[in-house]
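Q: Predicted model and sequence below, questions to follow.
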Amino acid sequence: MANLSKKDAPRLLQAYQQMVTIREFENNANELYLSAKMPGLTHMYSGQEAVAVGICEALKSTDYITSTHRGHGHCVAKGADLKLMFCELLGKKEGYCRGKGGSMHIADQSNGNLGANAIVAGSVGIATGAALRSKMLKTSDVAVCFFGDGALGQGVLYECMNMAALWDLPVIYACENNLYGEYTHVDEMAAGSLTARAEAFGIETHRIDGQDFLAVNKLSEELVERARNGEGPFFIVMDTYRYHGHHVGDINRAYYRSKEEETHWKTDRDPILILGEVLLSKKWATQSELDEIQALIVKQAADAVAYALDAPYPDVSEVDMHVFAE
Amino acid sequence: MRNITWSQAMNEAIAEEMRRDETVFIMGEDVAEAGTPFKVTSGLVEEFGTQRVLDTPISEPGFMGLAVGAALTGMRPIVDLMFGDFIYLIMDQLANQAAKQHYMSGGKLTVPLVVRTNMGATRRSAAQHSQSLQVLVAHIPGLKVAMPSTPYEVKGLMKTAIRDNNPVVIFEDKLSYQMKGNVPEEEYLIPLGTANVLSQGTDITLIGTSSMVQVCEEAAVKLAAQGISAEVIDVRTIAPLDDATFVNSVKKTGRAIVVDEGHQSFGVTSEIVARLNEQAFYYLDAPLTRMGAMDVPIPFSPALEDITVPTADGVAQKAMQLVTGEL
């Protein structure tokens, strides 16, 4: 933080707005579920915004990301349109996947988002393969693979990290340790050190505070640049927290985590409040300016929801379209 | 016309497509200097280098995943899966990732890749290196499945598979790598989804996949000696399946035996028989008949293994029963 100067103010305000956008997107998605307007379930990203925004603000639109079942944050941070996202969540024709993917499969290839993935660690191969393509075609595109602590239990992660290290691929493995894989604490599921898993392959690893946008973004800027120059792969563990349950229907959570713990993260460790404090203390924004951003995003999200609710479903003739490509 | 081996024909298909399109590359275990255990890819690394003929660790799910990612971002990977039995290892990447990306993205993402692998028993390789698992793949919407029967077929189908914009799995019978056959010098492609009528007949239709095509042809010769006229059809691709060619043939002959080396129950043969039943029922003179591998893990002992798979004698005998009505 010491190295920040006034010229950083616009991009920090932009990042702040992006984090607020994710939070508001999720608040609306949750409301759509609770009011029975959204088919199925969805997994809330609220609380983890500094990770998605901190990393994606360091990427170009031509860089690739792969996402997870908890993927709305990555999608927004990589530049997606809220209307098209809500349309997809509601199964509407105008959605990013014409309503065929839903929350867990939103892909936005025009911004380099190769898609959310409903298989834990299912996209590790995809991200690593995108990095292989960058190396083969000698482009400078970097791939970031987002996954949660739960993915540390999947063997394919280690197979892919091994190949990425053998072949010096420009991929960053971004482990969002939100402490719980579904309904079980990471300490009960992952033996030993989290970072040592990647160190064993000779991959440079980092473990940082995932609630601190500045920390995530600074490290990301550095690692993305180094990956472009052929120094990848990298592995980052970001300690973070999901405010909601595993999914929107996971309401009674006391059997696996306490109210006190949730309150602590929401009040003392909130990534939006933390960045807001920086902006206020540096006098790069006033509280009323932050409130204006909040009000603007609340309106944008509400408009997007209204748009999506009114949007048409796909015609039934689309059911067997896109099984095969031409 | 030239007479070359299956391995040479496959090798030519890969090399020609790699010369034609720089996004084509092959990855798998020991595909480079070793040229695979069956020496099918020998010489490719010398021409194309280790970047495009990529030796991988023994990590089938991992490198299959990399291929999906490379395909999604504009490459055309060929995944060399050393044994068809390892399909089980790559199933998540193949079925949950590759097969569904185009559909789940509403047509925005495409996964143009080929998995080349093998099938077939009677090589004394026991239960984990002898399976014919094509039906597992054909069951999944979004995947195409080719089952070539000769060197000519493997070259034409492989080249088409590489140019296809979908994931295609091509199964080669391990016993066919040294089979010789006529293959033209000039380029040709064989479309996916067209069966091939190899010989005309009037009494019964014998429908085969992969090396079971030769079993059917041999059976047809035996039947001809008995005065029975068999029509032989090479299925070529089980996904997509060319129903019309089978149906038209069976409408003419009134009888059919479908032969595939996968386990008989819930198999490729069951699917083809079901379609014939739906589309040619009123033309039938005998029950539609399936012949597949016995529903047992493939045993090691030659005394046991050889009786698990369909043979020409077995097909001819069954055909004779169907034609004479002596069931």
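A: It's in.
Q: All the strands of chain B, residue numbers only.
A: In chain B, the strands defined using DSSP state E lie at B:2-5, B:24-28, B:53-55, B:76-80, B:114-119, B:144-146, B:168-173, B:180-183, B:196-199, B:204-208, B:230-234, B:237-239, B:256-263, B:289-293.
Q: ok, A:C145 - contacts?
A: Neighbour list for A:C145: A:I65, A:T66, A:S123, A:V124, A:I126, A:A127, A:T128, A:V171, A:I172, A:Y173, A:A174 [criterion: CB atoms under 8 Å, 6 or more residues apart in numbering or on different chains]. Quick note: C-beta positions are derived from backbone N, CA and C, even for glycine.
Q: before we move on, the earlier item: so which of the strands of chain B gets nearest A:L280?
A: Of all the strands of chain B, strand B:76-80 sits nearest to A:L280, with 50.7 Å by CB to CB.
Q: and the residue of chain A nearest chain B?
A: A:G125 (1.4 Å; CB to the nearest CB).
Q: surely A:G125 meets B:Q97?
A: Yes - with contact defined as CB atoms under 8 Å, A:G125 reaches B:Q97; the gap is 7.2 Å.
Q: Quickly list what's touching both of the two.
A: Contacts common to A:G125 and B:Q97, judged by CB under 8 Å, 6+ apart, are B:G65, B:V68.
Q: Compare neighbour counts for the two and give me the winner.
A: Legend: neighbour count by other CB atoms under 10 Å in any protein chain shown for A:G125 and B:Q97, higher for A:G125 (33 against 27).
Q: Report all helices and strands that the helix or strand harbouring A:A29 contacts.
A: Per DSSP states H and E: A:A29 is located in helix A:9-34. When contacts are defined as 3 or more CB pairs under 8 Å, 6 or more residues apart in numbering or on different chains; DSSP states H and E, helix A:9-34 sits against helix A:49-56, helix A:72-77, helix A:82-89, helix A:213-228, helix A:271-281, helix A:287-310.
Q: and B:A127, how many neighbours does it have?
A: Neighbourhood size, B:A127 [other CB under 10 Å]: 14.
Q: Leaving out sequence neighbours, find the closest residue to it.
A: B:P297 (3.9 Å; CB to CB, 6 or more residues apart in numbering or on different chains).
Q: Low-confidence regions, the chain specifically.
A: Because you didn't say which chain, this covers chain A. Along chain A, segments meeting pLDDT under 70 span A:1-2.
Q: circling back to that earlier point, who wins for proximity to B:I228 among the helices and strands packed on helix A:9-34?
A: B:I228 sits nearest to helix A:82-89 of all these, at 59.1 Å, using CB to CB.
Q: Is chain B within reach of the closest one?
A: No - taking CB under 8 Å from any CB of the partner chain as the criterion, helix A:82-89 and chain B are apart, separated by no less than 8.7 Å.
Q: immediately after that helix, which helix or strand?
A: Heading C-terminal from helix A:82-89 (DSSP H and E), you reach helix A:124-136.
Q: got the angle for that next one vs strand B:24-28?
A: Angle of helix A:124-136 versus strand B:24-28, following axes from the mean of the first three to the mean of the last three CA atoms, to 10 degrees, is 130 degrees.
Q: Give me the distance from the following helix or strand past helix A:124-136 to the chain's centre.
A: Per DSSP H and E, helix A:124-136 leads on to strand A:143-148 as the next helix or strand towards the C-terminus. Mean-position distance between strand A:143-148 and its chain equals 8 Å (CA atoms, centre = their mean, to the nearest Å).
Q: what's the offset of the helix or strand just after strand A:143-148 from the middle of its chain?
A: Proceeding N to C from strand A:143-148, the next assigned helix or strand is helix A:155-166, under DSSP H and E. Computed by CA atoms, centre = their mean, the chain-centroid distance of helix A:155-166 equals 21 Å.
Q: Just the buried residues of helix A:155-166, please?
A: Going by neighbour count (16 or more other CB atoms under 10 Å in any protein chain shown), the buried part of helix A:155-166 is A:V156, A:L157, A:Y158, A:E159, A:C160, A:M161, A:N162, A:M163, A:A164, A:A165.
Q: hmm, that helix touching chain B?
A: Yes - counting by CB under 8 Å from any CB, contacts between helix A:155-166 and chain B involve A:G155, A:V156, A:E159, A:C160, A:N162, A:M163, A:L166.
Q: List the pairing partners of whatever helix or strand comes next after that helix within its sheet, with orientation.
A: Using DSSP H and E, the helix or strand that directly follows helix A:155-166 along the chain is strand A:171-177. Paired neighbours of strand A:171-177 in the sheet (DSSP bridges): strand A:143-148 (parallel), strand A:234-239 (parallel).
Q: what angle do the last one and helix A:49-56 make?
A: With the same axes, to 10 degrees applied, the angle from strand A:234-239 to helix A:49-56 works out at 160 degrees.
Q: again, but for the first one
A: Here strand A:143-148 points in a direction 170 degrees away from that of helix A:49-56 (the same axes, to 10 degrees).
Q: Would you enumerate the residues in contact with the residue of chain B found nearest chain A?
A: At 1.4 Å from chain A, B:G65 is the closest residue in chain B, using CB to the nearest CB. Neighbouring residues of B:G65 by CB under 8 Å, 6+ apart: A:V124, A:G125, A:I126, A:T128, A:G129, A:V156, A:E159, A:C160, B:Q93, B:Q97.
Q: Switch the residues you listed over to TSV, and while doing so, append distance to B:K251 to every line.
A: Output for these, formatted as TSV (distance: CB to CB, whole Å):
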residue	distance to B:K251
A:V124	51
A:G125	46
A:I126	46
A:T128	51
A:G129	47
A:V156	48
A:E159	50
A:C160	51
B:Q93	41
B:Q97	41
